[in-house]
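Asks: Have a look at this fold, sequence not included:
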Ligand code: UD1
Ligand code: CA
């Protein structure tokens, strides 16, 4: 049986009070709509998934473009029923095959980021194994406020869905809710969708009316009851968004722990959905691991560190309060505390980057040491180079960025100022406090500083002079 998935993502989401389309708000490090597409991919190939866009359509489509799905536009947000109707043409495809009884149309809403692919498989199978015109996922909520209520007939089939705004007082007290996740027989959906009328207080075309419409036409609509209501959470407000974010991160931390990652005080860490971590790595409290970050085995990420879209090989130690973005750290290297790596910094195996060291767009070879207070920007630093405390690459001349090259085994004394473009040869020494403006050949010593002057007995002489208080002795 073929399944086409239609995901509704055209609404603004007024209750978010945002300029941004609701489905573009993030939970667990991904937009809500991306989570829904990930779940949908479990039941359908990308070219059988259609997202209906409207508010900020181009932004929503750009976010989903890498996933290769289809799009249909809803020009005016006239309700969920109208949104599905807008997807009809794209669903049918060139050969119209999705209108056959052997095809299902699953409808999902773009604001349910906790939905799992496993639940969609259950929905697909429940529909495939039945003679029903549609199956819809229900659950019971202690507080069903805002959800459509599901009315069952005496045989346990769905008779109708009543939106909260249309509920009688008695209906409002019902706890069985519509999750907004449905699987329709394609031919019946398309045949009857035109019967939805905007006869409700909101004047919208409600997809939920399909339950009553199909029943009225003599078909059966069956409920599929799901125990874990959290998975069905529909996000309408920022308070609910925070709930979803927390649940996704709890789920992620739980998965990682099951796979062999130690997480201390997991309730304090934020790990994005896409992050990957190898076994026996230890994640300390109050860390944030974001984006497409990948961390190897037996690493330790110490408290307060933030790692975004970066790759850490095995046995890397990130000491407390370090910031790492878009960078790469090789096996056995140590970074921090209070270090910053950014813009394609590459830290070689067993290198040490210590406190208050910033590395930007630079490559540090094997065993390089830069332990304290340095700025290394646009630099290529060979194996075993030692960078003294306070060393700065002057990579910017006010207009352009320039490169610094330091050959393997060189020793850069403390507080060196390396004015780029500059090249320092292998195994050379740069004296402490030097300003280096000319190239340094291999195995040389470069000094670029004023000579020290010592005036002996200066203090004694100063005391003897009558004007001593205002003028120093010569
Ligand atoms: C909807 C259901 C309700 C269900 C709840 C579950 C309807 C009428 N009501 O209510 O029964 O309990 O979800 O979470 O379906 N959208 C469009 N175009 C539109 C309107 C909405 O694409 O014209 C999209 C929105 O972007 C959103 C989704 O449809 O992703 C659901 O819309 P929303 O306004 O959140 O519906 P609810 O009021 O939550
Ligand atoms: Ca909703």
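Replies: On my side now, so go ahead. Everything numeric here is computed off the predicted structure, so don't read it as measured data. Numbers count the residues shown, from 1 in each chain. Ligands and ions are numbered 1, 2, ... in the order given.
Asks: Please report phi then psi for residue 232.
Replies: phi -100, psi 0 (degrees, to the nearest 10).
Asks: If I look at it, what pLDDT would I see?
Replies: Looking at residue 232, its pLDDT is 96.
Asks: now the strands for the stretch 1-150 of the chain?
Replies: 2-9, 26-27, 30-31, 49-53, 70-73, 103-109, 134-140, 149-152 (DSSP state E, counting those that start in this stretch).
Asks: Including mean pLDDT, could those go into JSON lines?
Replies: JSON lines is the format used below for the strands of the stretch 1-150 of the chain (pLDDT from 0 to 100):
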{"stretch": "strand 2-9", "mean pLDDT": "96"}
{"stretch": "strand 26-27", "mean pLDDT": "98"}
{"stretch": "strand 30-31", "mean pLDDT": "98"}
{"stretch": "strand 49-53", "mean pLDDT": "98"}
{"stretch": "strand 70-73", "mean pLDDT": "98"}
{"stretch": "strand 103-109", "mean pLDDT": "96"}
{"stretch": "strand 134-140", "mean pLDDT": "98"}
{"stretch": "strand 149-152", "mean pLDDT": "98"}
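Asks: Which among those is found nearest to ligand 2?
Replies: strand 103-109 (5.9 Å; Cβ to the ion). The way it works is simple: take the backbone N, C-alpha and C, and place the C-beta from them, glycine included.
Asks: who does the closest one pair up with?
Replies: strand 2-9 (parallel), strand 176-185 (antiparallel) (DSSP bridges).
Asks: Mind putting the strands of the stretch 1-150 of the chain into a markdown table with distance to residue 440 and mean neighbour count?
Replies: Output for the strands of the stretch 1-150 of the chain, formatted as a markdown table (distance: least, Cβ to Cβ, whole Å; neighbours: other Cβ atoms under 10 Å):
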| stretch | distance to residue 440 | mean neighbour count |
| --- | --- | --- |
| strand 2-9 | 59 | 26 |
| strand 26-27 | 49 | 21 |
| strand 30-31 | 49 | 22 |
| strand 49-53 | 58 | 27 |
| strand 70-73 | 58 | 17 |
| strand 103-109 | 63 | 25 |
| strand 134-140 | 70 | 24 |
| strand 149-152 | 78 | 20 |
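Asks: Which one of those strands lies nearest to residue 286?
Replies: Closest of those to residue 286 is strand 26-27, at 19.9 Å (criterion: Cβ to Cβ).
Asks: Please determine whether the closest one lies in contact with ligand 1.
Replies: No - Strand 26-27 lies out of reach of ligand 1 by Cβ under 6 Å from any ligand atom, never closer than 13.5 Å.
Asks: Now do the same contact list for residue 32.
Replies: Contact analysis of residue 32 by Cβ atoms under 8 Å, 6 or more residues apart in numbering lists 22-26, 110-113, 235, 244.
Asks: Repeat the analysis, applying 6 Å as the threshold.
Replies: By Cβ atoms under 6 Å, 6 or more residues apart in numbering, the contact list for residue 32 reads 23, 111, 113.
Asks: Not counting its neighbours along the chain, what's nearest residue 407?
Replies: residue 426 (3.3 Å; Cβ to Cβ, 6 or more residues apart in numbering).
Asks: burial count for that neighbour?
Replies: Using other Cβ atoms under 10 Å, residue 426 has 16 neighbouring residues.
Asks: so where's the longest helix in this protein?
Replies: Identified as the longest helix of the chain according to DSSP state H is helix 238-258.
Asks: Following the chain onward from it, which element is next?
Replies: Note on helix 238-258: by DSSP states H and E, the next helix or strand toward the C-terminus is strand 262-263.
Asks: Residues touching the helix or strand following that following strand, excluding its own?
Replies: Moving toward the C-terminus from strand 262-263, the next helix or strand (DSSP H and E) is strand 270-271. With contacts defined as Cβ under 6 Å, 6+ apart, strand 270-271 is touched by 249, 252-253, 288-289.
Asks: Equivalent analysis for stretch 122-134, please.
Replies: Identification of contacts with stretch 122-134 by Cβ under 6 Å, 6+ apart yields 1, 3, 43, 104, 135, 137, 182-185, 188, 214, 219-222, 224.
Asks: Filter these down to the buried ones and hand me the ChimeraX line.
Replies: The ChimeraX selection below is limited to those of the contacts of stretch 122-134 classed as buried (16 or more other Cβ atoms under 10 Å):
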select :3,43,104,135,137,182,183,184,185,188,214,219,220,221,222,224
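Asks: Let me see the contact set for residue 295.
Replies: Residue 295 sits in contact with 277, 281, 312, where contact means Cβ under 6 Å, 6+ apart.
Asks: ok, and whichever residue of the stretch 201-350 of the chain sits closest to ligand 2, which helix or strand is that part of?
Replies: Residue nearest to ligand 2 within the stretch 201-350 of the chain: residue 234 (3.6 Å; Cβ to the ion). According to DSSP H and E, residue 234 maps onto no helix or strand at all.
Asks: That one touches residue 110, doesn't it?
Replies: No - counting by Cβ atoms under 6 Å, residue 234 stays clear of residue 110, with 9.8 Å between them.
Asks: In terms of neighbours, single out the busier of these two.
Replies: residue 110 (31 against 21).
Asks: residues from the protein in reach of ligand 2?
Replies: Selection of the chain residues close to ligand 2 by Cβ under 5 Å from the ion yields 111, 234, 236.
Asks: wait, which of those residues is closest to residue 414?
Replies: Nearest to residue 414 among the residues of the chain next to ligand 2 is residue 111, at 56.1 Å by Cβ to Cβ.
Asks: ok, how many other residues are close to that closest one?
Replies: Residue 111, neighbours per other Cβ under 10 Å, totals 26.
Asks: if you skip the residues just before and after it, what's nearest to it?
Replies: In space, residue 111 is closest to residue 235, 4.7 Å off (Cβ to Cβ, 6+ apart).
Asks: now residue 80
Replies: Looking at residue 80 with Cβ to Cβ, 6+ apart, the closest residue is residue 207, at 3.9 Å.
Asks: cool, and residue 233?
Replies: Closest residue in space to residue 233, ignoring its immediate chain neighbours: residue 114 at 5.4 Å, by Cβ to Cβ, 6+ apart.
Asks: Okay, that neighbour and residue 321: tell me how far apart.
Replies: Distance, residue 114 to residue 321, using Cβ to Cβ, to the nearest Å: 32 Å.
Asks: in the stretch 351-474 of the chain, what spans have low per-residue confidence?
Replies: Within the stretch 351-474 of the chain, the segments meeting pLDDT under 70 span 467-474.
Asks: would you list every one of the strands in it?
Replies: Counting by DSSP E, counting those that start in this stretch, the strands of the stretch 351-474 of the chain are 352-360, 363-364, 369-377, 379-381, 386-387, 392-394, 404-406, 411-412, 417-419, 422-424, 429-430, 435-436, 445-446.
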